[in-house]
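K.L.:
The following block contains a protein sequence and its predicted model.
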Amino acid sequence: METINILLKILMYILIITTPLILGSKLVNAYPYNTISSQDQQKIDEIMAPFNKVFNFVRIAAGSVAVFVLILAGVVYMTAGSDVGKKEKAKNMATGVIVGLMIFVVAPTAVQYLIT
């Protein structure tokens, strides 16, 4: 269980680091006085392509890990029986996954909103 928590934390840190990089190309257009040519926009998109690939991979990996941990939390809860400690552990796991997924979904949207 501890390994899964560490993995989730690492994935969240990667997301936090890559989100501004992914949305960095939008910063150029955030100021109304900046005008860029289509050639410059094409260069920016070319530079951002590897970051977009990493971001998409992290999204898929984090989603997959979150689903796995949520299923694992359900199994732990169902097999806990009358052990209150295991039930609390399963509830905490599920809560952590749900909160993490909410942050994961909201963070890029919030950054995009703040940029525009």
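P.N.:
Arrived safely. The structure presented is a predicted model; accordingly, all values stated were derived computationally and were not measured.
K.L.:
Give me the most central residue, this structure.
P.N.:
residue 104 (3.5 Å; Cα atoms, centre = their mean).
K.L.:
all helices of this structure, in order?
P.N.:
2-22, 24-28, 38-79, 84-115 (DSSP state H).
K.L.:
From residue 51, how far out is residue 42?
P.N.:
According to Cβ to Cβ, to the nearest Å, residue 42 and residue 51 sit 16 Å apart. Just so you know, the C-beta spots here come from the backbone N, C-alpha and C atoms, and that holds for glycine as well.
K.L.:
And for residue 88?
P.N.:
To residue 51, residue 88 is 39 Å away according to Cβ to Cβ.
K.L.:
Looking at residue 42 and residue 51, which has the bigger crowd around it?
P.N.:
Between residue 42 and residue 51, counting by other Cβ atoms under 10 Å, residue 51 is the more crowded of the two (17 against 11).
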